[in-house]
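Student: pasting a predicted model and its sequence here:
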Amino acid sequence: MQHSPTDGVITAAEFEQFRRFIFERAGITLSDAKQRLVTGRLAKRLRHFGISRYGDYFERMMRGELGGDELQVVVDLLTTNETHFFREPAHFDFLRQTVLPQVRSGCTFRVWSAASSTGEEAYSTAMCCADLLGDGPWEVFGSDINTQVLNKARNGHYSMDVAHEIPKEYLRAYCLKGKGSQEGTFLIGPELRRRVRFNQVNLNAPLPDLGAFDLIFLRNVMIYFSLETKRSVVARMLPLLKPGGYFVVGHSESLNGVTSRLQLLRSTIYRKPLDD
């Protein structure tokens, strides 16, 4: 009997195909508990193409019969993108109180938000830079594997429901309140958006030439990686961190057993030795 994708039924073998695909593409490890997530997020694609079995959809996708973009569609659907403005505030306190006051005049200060999702982390960082460095040379680069969230990040357009996450003085200085048809939303101001660039980067593949960074945020993404994947991802990123630069992970993450090239300053905050 054939199942409709709306039944939410996926065989163990079909689930394994998608689990292997997202691991090879993005380094993400899906547990057995994520089976419902996979079916829920992909069911609409099966309906779109009139396909009744997940295995048939997978095979046609891999053969390119569903269009060249379908592989990226599946990556976008199966990656998790939860984020907030000024998430884990201690990191932004460290940025404001320790990192930014040390920036030397004339040197371009560069930050990489390496799993930027819809842009909140990158824009939070930019607000801190604008506050303390003003018109000086600084820039923020945000990357993600998910193209849909990057489009939202570039727009810099958010619901007022999340405005409370931003300090009031920053909200006034760097955000524009929507009016008329845009009521209930706010926009990151154009001056700040010009300082922030977003592009797709797959951390699980050879990295493009992005230049060197003074600070790298790799927060709340390694929780989806195996230890081996964590080691390879961090090893690819470290050459892009300047000597003396900072590497920050999420509050539930650690680089213990991942790399020995960074010095632990405090929980989740590491520094690259000056002689590295």
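Tutor: That came in fine, so what should we check first?
Student: show me the strands in the stretch 51-200 of the chain, by range?
Tutor: Under the criterion DSSP state E, counting those that start in this stretch, strands of the stretch 51-200 of the chain are mapped to 109-113, 138-144, 157-159, 175-177, 185-188, 196-200.
Student: what is the last one packed up against?
Tutor: Contacts of strand 196-200 with other secondary structure elements, assessed using 3 or more C-beta pairs under 8 Å, 6 or more residues apart in numbering; DSSP states H and E, are made with helix 120-133, strand 138-144, helix 147-155. Glycine gets a C-beta too; all of them are placed from N, C-alpha and C.
Student: swap in the first one?
Tutor: Other elements packing on strand 109-113 under the criterion 3+ C-beta pairs under 8 Å, 6+ apart are helix 120-133, strand 138-144, strand 213-218.
Student: hang on, the earlier thing: closest one to I22 among the strands of the stretch 51-200 of the chain?
Tutor: I22 sits nearest to strand 138-144 of all these, at 14.5 Å, using C-beta to C-beta.
Student: what pLDDT, on average, does the closest one get?
Tutor: Model confidence over strand 138-144, given as mean pLDDT, is 97.
Student: could I have the CA atoms of it written out in CSV?
Tutor: Coordinates of each C-alpha in strand 138-144 appear next as CSV, following Å, rounded to 0.1, in the frame of the first residue of the first chain:
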residue,chain,number,x,y,z
TRP,A,138,35.0,47.8,11.2
GLU,A,139,32.7,45.2,9.5
VAL,A,140,30.7,42.2,10.4
PHE,A,141,30.3,39.1,8.1
GLY,A,142,27.5,36.7,8.6
SER,A,143,27.3,33.3,7.1
ASP,A,144,24.9,30.3,7.1
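Student: now for that strand, which elements pack on it?
Tutor: Packed next to strand 138-144, using 3+ C-beta pairs under 8 Å, 6+ apart, are strand 109-113, helix 120-133, helix 147-155, strand 196-200.
Student: domain parsing for the protein?
Tutor: 5-78, 89-271 (automatic domain parsing).
Student: could you dump those domains into CSV and include mean neighbour count?
Tutor: Formatted as CSV, the domains of the chain follow (neighbours: other C-beta atoms under 10 Å):
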stretch, mean neighbour count
domain 5-78, 16
domain 89-271, 17
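Student: would you single out the least confident of these?
Tutor: domain 5-78 (a mean of 86).
Student: how far is it from where the chain is centred?
Tutor: Counting by C-alpha atoms, centre = their mean, to the nearest Å, domain 5-78 is centred 21 Å from the centre of its parent chain.
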